[in-house]
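Trainee: please find the sequence and the predicted model below.
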Amino acid sequence: MAPEEMQDLVQDFTAKATAVNAVVQELPNMAAALQYVVDVCENKAPCELMADEDVEKGPNGPNGVPTRVQRIVAAPVLNDEDFATLEAACNEKGFLCIRDGLRNHLAGIDVGLTAAEMGVSSSATCLVNTDNEDARLAGMISEIHVLLLAKSKLVRTLPEIADRMRELLMANPKGGNYTTLISGPSRTADIERVAAVGVHGPLELHIILLED
């Protein structure tokens, strides 16, 4: 892909993502992305507990439910080296950093880090596929979902990802994969047609566009 074409895709993707209340960051490498995750966790409000959990609780949050004192970052998709780097940075801040056992934290996680296989610039849609339940949960029960996406994986239109979805299906014909198309944070208007964010998933979506 020519540099001019890639930059055009990035600009289009960023504009469309911003329109649906996602945050887009262009970062040069994984080290910068991991530091971004730590900074996001440090600067966010304490996680509101979605269910009772035997942990130290802080003051009630905006929705009138207790908050958790210790912050949690979940990163099930990282390799050993990158996870060790993230874990060390989290430990310095007093955060818990996990990559498995997310079912033990279903009351809520501050930041979940996952990765997208492809991105569609015309709609800011990200294709996420995994056979790992922890990776699926990281993008569902976290208050902030941070999604890694390589710039080289951007395409112009939604039909262009069809071949990749067929490949995923053929690779696992019996099913069992979690394949999701994500455009912006969780949003619904099921109740009296009033738009609400975060009901079925994260309150915020941050997409990190990484250089290859």
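Mentor: Everything's here; your move.
Trainee: C-alpha from now on. contacts and neighbour counts both.
Mentor: OK.
Trainee: now do stretch 94-114: everything it contacts.
Mentor: Residues outside stretch 94-114 that contact it (C-alpha atoms under 8 Å, 6 or more residues apart in numbering) are 37, 40-41, 46-53, 70-78, 86-87, 90-91, 134-135, 137-139, 141-148.
Trainee: from the residues you listed, which land in helices?
Mentor: Within the contacts of stretch 94-114, residues falling in helices by DSSP state H are V37, V40, C41, L86, E87, C90, N91, D134, A135, L137, A138.
Trainee: how about TSV for those, with neighbour count added?
Mentor: Shown next, in TSV, are these (neighbours: other C-alpha atoms under 10 Å):
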residue	neighbour count
V37	23
V40	16
C41	23
L86	22
E87	22
C90	23
N91	11
D134	22
A135	25
L137	23
A138	32
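Trainee: greatest separation within those: which pair is it?
Mentor: Pairwise distances across the ones in helices among the contacts of stretch 94-114 (C-alpha to C-alpha) peak at 22.1 Å, for the pair N91 and L137.
Trainee: state the pLDDT value of G58.
Mentor: On pLDDT, G58 comes in at 95.
Trainee: let's verify it: helix, strand, or coil?
Mentor: strand (DSSP: H, G, I helix; E, B strand; the rest coil).
Trainee: partner strands of the top strand by length along the chain and their direction?
Mentor: The single longest strand within the chain, with elements called by DSSP state E, is strand 142-150. Strands that pair with strand 142-150, judged by DSSP bridges, come out as strand 109-115 (parallel), strand 204-210 (parallel).
Trainee: chain center to the lengthiest helix in the chain, what's the gap?
Mentor: When the chain is parsed with DSSP H, its longest helix is helix 3-19. Relative to its parent chain, helix 3-19 has a centroid offset of 19 Å by C-alpha atoms, centre = their mean, to the nearest Å.
Trainee: what is it packed up against?
Mentor: If contacts are counted by 3 or more C-alpha pairs under 8 Å, 6 or more residues apart in numbering; DSSP states H and E, helix 3-19 sits against strand 23-27, strand 154-155.
Trainee: kindly provide the whole-number mean pLDDT of it.
Mentor: In this model, helix 3-19 has an average pLDDT of 94.
Trainee: now do that helix: everything it contacts.
Mentor: 23-24, 120-124, 151-152, 154-156, 183-184.
Trainee: which of these sit farthest apart?
Mentor: Farthest pair in the contacts of helix 3-19 (C-alpha to C-alpha) is S152 and G184. Separation: 20.2 Å.
Trainee: which of these two has more neighbours?
Mentor: Between S152 and G184, G184 has the larger neighbour count (other C-alpha atoms under 10 Å), namely 26 against 16.
Trainee: tally of neighbours for the nearest residue to that one once chain neighbours are set aside?
Mentor: Of all residues not flanking G184 in the chain, A22 sits nearest, at 4.9 Å (C-alpha to C-alpha, 6 or more residues apart in numbering). Neighbour count of A22, defined by other C-alpha under 10 Å: 20.
Trainee: can you give me phi and psi for A22?
Mentor: Main-chain torsions, A22, degrees, to the nearest 10: phi -90, psi 160.
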